[in-house]
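> A structural model of the following input is requested.
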Amino acid sequence: MNKVRARIVVAGEVQGVGYRLFALGHCRALRLNGYVRNAFDGTVELEVEGERRVIEGLVEHLKQGPRAARVESVDVRWLDFSGEFDGFEVRF
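All right, here's what the predicted structure looks like:
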């Protein structure tokens with residue numbers, strides 16, 4: 001198993017359109033750990049841990065987003081797995 005951590009930043013019209021709940025549903029369905037939150041600059045940030053191939057699949061979903069969103073970019077930074085998260089949540 002190739003467990004990693006990813007810091008993902010999604011830019012575009014992604015706040016106020018249900019994007020965090022969209023991400024929450026996919027991350028929980030994929031059994032990933034971490035969190036999603038709105039950032040002050042208008043982006044949505046995710047910290048996600050799990051198998052790299054599963055996170056790569058998540059990124060493809062994040063590029064689409066919910067129907068009301070308009071995703072301009074999805075930036076992924078790969079980091080070392082820490083194991084600090086228990087489940088997946090929305091942070092405020």
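> Gln15: what secondary structure?
Three-state assignment for Gln15 (DSSP: H, G, I helix; E, B strand; the rest coil): coil.
> Now do the contacts for it.
Neighbour list for Gln15: 38, 42, 44 [criterion: CB atoms under 8 Å, 6 or more residues apart in numbering]. Backbone N, C-alpha and C define where each C-beta goes, glycine included.
> As TSV, those with neighbour count would be great.
Output for these, formatted as TSV (neighbours: other CB atoms under 10 Å):
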residue	neighbour count
Asn38	17
Gly42	12
Val44	25
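> Mean confidence (pLDDT) on the helix or strand containing Leu24, please.
For Leu24, the host element (DSSP states H and E) is helix 19-29. Per-residue pLDDT over helix 19-29 has a mean of 98.
> got it, and stretch 76-89?
For stretch 76-89, mean pLDDT is 98.
> Please apply the same query to stretch 35-54.
pLDDT averaged over stretch 35-54 gives 98.
> In this protein, mark out all the strands, start to finish.
Assignment of strands within the chain using DSSP state E yields the ranges 3-13, 33-38, 44-51, 70-80, 88-90.
> Tell me which of those strands sits nearest to Gly25.
Proximity to Gly25 (CB to CB) singles out strand 88-90 among the strands of the chain, at 9.5 Å.
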